[in-house]
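Colleague: sequence and computational prediction follow.
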Amino acid sequence: MQLKYIMNRKKELLKAPRMAVEIAGVRFKNPVLTASGTFGYGLEFANLMDLNSIGGIVVKGLSMKPIKGNPPPRIYETASGMLNAIGWQNIGATEFVTAKLPGLRNYETKVIVNIVGFELNDYLEVARFLNDCPGIAALELNISCPNVEKGGFHFNKNPKDTYKVTAAAKKACRKLPLWVKLSPNVTDIREFARACEDAGADAVSVINTLVGMAVDVEKRQPRLRFLTGGLSGPAIKPIALRMVWEACQAVKIPVIGVGGIARTEDALEFLIAGARAVQVGTANFYRPDASQRIALGLQEYCRSHNIEDINELVGSLHAYE
Ligand SMILES: Cc1cc2nc3c(=O)[nH]c(=O)nc-3n(C[C@H](O)[C@H](O)[C@H](O)COP(=O)(O)O)c2cc1C
């Protein structure tokens, strides 16, 4: 009886699909990551899900010194989504390295640090500092945040500026792969993805939030003190998916899909459209273990569709027959 059980278990294990993906030489145990700003510094979720069940955690955007962020109200729920104008609130890179990174090193899950900057030199300073810290798998350059007066999205307004900041950041973080997080608030995302590739980026993350707005009709004032905010959640998924597909057509470096991913099927759509990996964002707020469920769901999908390796799915979209 026991032998039969062992044999069946062995067969099952042999059949287990390969879920690992590689991005710029870094191996992720599966293609599911959490998106910056929606999963804190990761450790806050340790009691809510198994952090080892996902491929990676992208931590909240870090500056060198702590930033308070915008005054409230700075989040507002919308139909199938949310608006946020948090504005780079973070504990600062030094505090992250001393207080958070040691805890994160206890997990197999890869840590990606999102970095922010008002000026070019701000990005470079953080990149240089983090470059020497063990336990970080990659940096993600956030040039796409719409909720700040200066910096951020202002480097994503024309491809020349995107090239400049990417090339400089790439020089500053010689040891770590550099991902660049792109904004959907542009006419043609392909131009920006190409600028990143030409400047030496190792991957692009597509997309950050879309600029939106909501009005309180009783008070006749904006719902957010900042007036506008970044729209995220299931409402933006079709736009994100289209942009990921476009970026995949334009560049050879890996594209990481972000935007409205809440279920396994959403993640599958992005992988089939060409994304090498996906990031789960707003879904973490209402289902803290969303990323774990999606990672398991992908494995189940591969198993039930006789897919031996998840990479077979990447870019497998074909034209309508
Ligand atoms: C509250 C909040 C904070 C965010 N903070 C960051 C950030 O610090 N850096 C960044 O690159 N993106 C940030 N984002 C954008 C997300 O990482 C993600 O790109 C976006 O929300 C779209 O994905 P989603 O629809 O799954 O949330 C934030 C999003 C939200 C909702």
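Modeller: Looks like it came in fine. Residues are numbered from 1 along each chain as shown.
Colleague: grab the nearest non-local neighbour of residue 125.
Modeller: Distance criterion C-beta to C-beta, 6 or more residues apart in numbering; nearest residue to residue 125, sequence neighbours excluded, is residue 64 at 5.1 Å. For the C-beta atoms, the positions are set from N, CA and C on the backbone; glycine is no exception.
Colleague: what about the residue in the chain that the ligand sits nearest to, which helix or strand?
Modeller: Closest contact between the chain and the ligand, by C-beta to the nearest ligand atom, is at residue 37 (1.9 Å). Using DSSP states H and E, residue 37 sits within no helix or strand.
Colleague: quick one, what contacts residue 256?
Modeller: Counting by C-beta atoms under 8 Å, 6 or more residues apart in numbering, residue 256 touches 23, 33, 179, 203, 204, 205, 206, 275, 276, 277, 278, 279.
Colleague: now the phi/psi pair for the residue nearest to it when sequence neighbours are not counted, please.
Modeller: Nearest residue to residue 256, sequence neighbours excluded (C-beta to C-beta, 6+ apart): residue 205, at 4.4 Å. Dihedral angles of residue 205 (phi, psi; degrees, to the nearest 10) stand at phi -100, psi 130.
Colleague: beta partners for residue 205?
Modeller: residue 181, residue 256 (DSSP bridges).
Colleague: can you pull out the helices in the protein?
Modeller: For the chain, the helices defined by DSSP state H cover 2-15, 93-95, 101-104, 120-131, 159-172, 189-198, 237-250, 264-273, 283-286, 290-304.
Colleague: can you put these in a markdown table and add distance to residue 317?
Modeller: Shown next, in a markdown table, are these (distance: least, C-beta to C-beta, whole Å):
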| stretch | distance to residue 317 |
| --- | --- |
| helix 2-15 | 26 |
| helix 93-95 | 39 |
| helix 101-104 | 34 |
| helix 120-131 | 34 |
| helix 159-172 | 26 |
| helix 189-198 | 17 |
| helix 237-250 | 7 |
| helix 264-273 | 5 |
| helix 283-286 | 23 |
| helix 290-304 | 16 |
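Colleague: looking at those, which is nearest to residue 216?
Modeller: Evaluated with C-beta to C-beta, these place helix 283-286 nearest to residue 216, the distance being 21.4 Å.
Colleague: tell me how far stretch 55-64 lies from the chain's centre.
Modeller: 9 Å (C-alpha atoms, centre = their mean, to the nearest Å).
Colleague: try stretch 195-215
Modeller: Worked out by C-alpha atoms, centre = their mean, stretch 195-215 lies 10 Å from the chain centre.
Colleague: neighbours of residue 265, how many?
Modeller: For residue 265, the neighbour count with other C-beta atoms under 10 Å is 11.
Colleague: hang on, I meant residue 158
Modeller: Close neighbours of residue 158, defined as other C-beta under 10 Å, add up to 14.
Colleague: how about the residues of the stretch 151-300 of the chain near the ligand?
Modeller: By C-beta under 6 Å from any ligand atom, the residues of the stretch 151-300 of the chain that approach the ligand are 181, 208-209, 232-233, 236, 258-261, 280-282.
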